[in-house]
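*Asks:* Fold the following.
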Amino acid sequence: MELARTLDRAAADVPVPDSLADLVRRRLGALPMETRAALLVIAALGRPSRAVVAATGVTDRVLAPAVAADVVEVHEDVRFTHPLLASTLYGDAAPDDRRELHGRLASVVQDPIASARHVALGPRVARESVARRLEDAATLARVRGAADVAAELGELAAERTSPGHPDDARRRLLGAARDYVAAAATDRALALTESVLQQADSPLARSEAFTLLSEIHARAGGAGGAVAAARYAREALAESPGDREVRLRAHEVLASVLVQTEGTVPAEAHARGAMKLAEDLGDYSRIARAMSQLAWIRLETGRQDALALAERAVKMARSSRDLASTALTTMTLGEALLSLGRLQAARSILEEYRAWAATNDESELAGICATYVLLELRAGRWAEAADYAQQMRELKSQLNPAGHEVEGGYGRLALVAAYLGDESRARDYARQALENVERGGWSEGRRVVRAIMGLIDLWSGDPLGAVEQLDLVEAERRAAGLAGPTLIYRPGEHVEALLALGRTEAAIGVLERWATDAARVENAWELAEVLRSRGLVAAARGDLDGALALLEQAVQKHQEVGDLFGRARALLSLGVMRRRTRQKRASRAVIEEAVAAFEALGAAGWAVKARAELGRLGGRTREPGLTAAERRVAALVAQGHTNREVSTALFLSERTVETHLSHAYSKLGVRSRAELARTFRAAEQTSGDLTIPS
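*Replies:* Modelled structure (predicted):
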């Protein structure tokens, strides 16, 4: 387009300059000198309002040639028609001219952040007044949620600090590093902090740098990150044993990472240490954060007071009016409520945290998506769970493309695919997740992925593979002292897999430990699943009457806690048990109810299993119309889509699509895709529900 602007329509020979930049210079060079000077002012300002442009002395008359040449547009603001024009003009200006211009503009613009940036880009004078102005602007940018801008301004403030104030320069650099962490620029944060450590000339200076290094590595995650974070936190404690602020931050880091590397006992000790130091400092926001950390550790270890402690932490954080502490404690409480199956309360408080993160710290959004995957799976909103899993994967790729995989990203995608019955895709995602956690070396992430792989194995008919995975998960949990609620590892699946292999006593051992843990924290969600598992154990022992009673109770309990998937599973188990006791009519009724429940969830694989159980009953096995899943598949096929395209669109395996399509053919009495298209469209025009043609 820029080349075309220069062409003489009558010319046969088109001159091609060496670079587009040369061409842009030629275009700008055709403007009057005073217009080019005015354009440099606009380039330095970015996208100024007309009022700001007027305040610099630039008039409409001076700009008119640039407007006529389509170099700038004048609306409510003044902008270049293409950023290349501005960058070429600005880049060609002499450095001294640019600095002098920014110095003048600092007194023209009203916004304190913009003004401070012009000061920083102006004459390079190391004065404390300039450094303070930049630091104040960085604070304002941080409050506004612009962590990247705050980091840049903080670094500039350190550069402008007078040589006689090394402590201030160090403080400003460390502040900039923290802002870079918040902006997900971890490499830059590490570089700044390590430079401070190399120049530190006192124990306090070294301890401050060690503390920040520990926080950065803790946030990075992975086994290497956790080990490095613990090492730096202990270095900080050794360097400055009397500084309560340093000790507090070091204890906070150790409480968070030692759960993964050394167990819950030392982690809890450091959480208590952080809480005591925060109380000594009289800092209620920090007391709340330490209390929240302690609450999570106690929940992981199955303590009864964990939820009450998390609720107290939120109240204290809110009373302190510290937004960051309120957000952190809110997230902890939301996840605690979710793990205990209190979905409505969890959703309410997680929404509060998500709103905060969207405004203040977008780097937290990937973690929020991970939590929402589990929330929506439990709530029976599986399409939404799939969306959140995809969002999480994309966010992790954007924020940390070379990062490790914990239980999110591919792990979450694998989990959702398993629930939806797409075995092939679930296994592919799980393999990728396992490769990533192995590369990251995080045992917790490996345990989570193994739990997902165990689900996939069991639900695809491989109980031996499931037991191999879930035995490892169970053993690692017990070794780490974890006895709290579980969101991904489902002990009920472990029990079922062991029963399928005839290992009844081992199944009872897992069941009783799990039942004790769930009862201790009054986890009604898991206790409903315990009832179903007890029913399966009773059946394995030959107590069919006892099994029937337990499974009927399980259906009721799942209904009470709002576990739609658990209720459907319990209905299916109850139907199978009624078939075994020759209650065919009652069996058919509950299995048909289970089929409908699975279809409503989008659990295609489970719906197929339930229909297979109907087939074992004999007699009528088909419903009079298409199910919701069959309708979705038929609609897309009728529009001309291939099975693979339908599989991708509906997040199903191709085999599941083929099964639904086969059922639709049979119910509609058609034999080809062309017949399906005609019959499906005709039926849709005459009825809100498809029925079998007469």
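*Asks:* Show me the domain layout of the protein.
*Replies:* Under the assignment automatic domain parsing, the domains of the chain span 18-93, 382-516, 523-621, 623-694.
*Asks:* I'd like a version of those domains in CSV, one that adds distance to Glu279, mean neighbour count and mean pLDDT as further columns.
*Replies:* Where you see a C-beta, it was placed from the backbone N, CA and C, and this is true even at glycine. Putting the domains of the chain into CSV (distance: least, Cβ to Cβ, whole Å; neighbours: other Cβ atoms under 10 Å; pLDDT from 0 to 100) gives the following:
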stretch, distance to Glu279, mean neighbour count, mean pLDDT
domain 18-93, 47, 16, 86
domain 382-516, 26, 20, 87
domain 523-621, 31, 20, 92
domain 623-694, 50, 17, 69
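*Asks:* could those domains be laid out in a markdown table, adding distance to Tyr353?
*Replies:* Listed next are the domains of the chain as a markdown table, based on distance: least, Cβ to Cβ, whole Å:
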| stretch | distance to Tyr353 |
| --- | --- |
| domain 18-93 | 33 |
| domain 382-516 | 14 |
| domain 523-621 | 21 |
| domain 623-694 | 27 |
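*Asks:* closest to Ala357 out of those domains?
*Replies:* Smallest distance to Ala357 across the domains of the chain (Cβ to Cβ): 11.2 Å, for domain 382-516.
*Asks:* Show me where the stretch 351-500 of the chain has its helices.
*Replies:* Remark: helices assigned in the stretch 351-500 of the chain by DSSP state H, counting those that start in this stretch are 365-379, 382-399, 410-420, 423-440, 443-459, 463-479, 491-500.
*Asks:* and of those, who's closest to Ala345?
*Replies:* Ala345 lies closest, by Cβ to Cβ, to one member of those: helix 365-379, at 11.3 Å.
*Asks:* helices or strands up against the closest one?
*Replies:* Contact analysis of helix 365-379 by 3 or more Cβ pairs under 8 Å, 6 or more residues apart in numbering; DSSP states H and E lists helix 323-339, helix 343-360, helix 382-399, helix 410-420, helix 564-580 as its packing neighbours.
*Asks:* contact partners of the third one?
*Replies:* Yep, that's helix 382-399 we're talking about. The contact list for helix 382-399 (Cβ atoms under 8 Å, 6 or more residues apart in numbering) reads 184, 363, 365-366, 369-370, 372-377, 403, 405, 408-410, 412-413, 415-416, 419-420, 601-603, 651.
*Asks:* repeat for the second one
*Replies:* Identification of contacts with helix 343-360 by Cβ under 8 Å, 6+ apart yields 145, 314, 323-324, 326-327, 330-331, 333-335, 337-338, 364-365, 368, 371-372, 375, 378-379, 562.
*Asks:* among those residues, which ones are buried?
*Replies:* Restricting the contacts of helix 343-360 to buried positions leaves 145, 314, 323, 326-327, 330-331, 333-335, 337-338, 364-365, 368, 371-372, 375, 378-379, 562, with burial counted as 16 or more other Cβ atoms under 10 Å.
*Asks:* got the contact list for Glu76?
*Replies:* 49-50.
*Asks:* please renumber so the chain begins at 581
*Replies:* Sounds good: first residue 581 from here, last item Glu656.
*Asks:* can you tell me the helix or strand for Glu653?
*Replies:* strand 652-654 (DSSP states H and E).
*Asks:* Check which helices and strands that strand is in contact with.
*Replies:* helix 640-648, strand 658-660.
*Asks:* Glu1054 is in contact with Glu1073, isn't it?
*Replies:* No: between Glu1054 and Glu1073 there is no contact under Cβ atoms under 8 Å: 11.1 Å.
*Asks:* before we move on, the earlier item: select, out of the domains of the chain, the one closest to Val837.
*Replies:* Closest to Val837 of these is domain 962-1096 (Cβ to Cβ; 10.7 Å).
*Asks:* just how off-centre is that closest one within its chain?
*Replies:* Remark: domain 962-1096 is offset 17 Å from the chain centroid, using Cα atoms, centre = their mean, to the nearest Å.
*Asks:* first to last residue in that domain, what's the distance?
*Replies:* Distance between the two ends of domain 962-1096: 30 Å, counting by Cα to Cα, to the nearest Å.
*Asks:* Include distance to Ala644 when you put the helices of the stretch 931-1080 of the chain into a markdown table, please.
*Replies:* Below are the helices of the stretch 931-1080 of the chain laid out as a markdown table (distance: least, Cβ to Cβ, whole Å):
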| stretch | distance to Ala644 |
| --- | --- |
| helix 945-959 | 46 |
| helix 962-979 | 43 |
| helix 990-1000 | 57 |
| helix 1003-1020 | 58 |
| helix 1023-1039 | 62 |
| helix 1043-1059 | 73 |
| helix 1071-1080 | 74 |
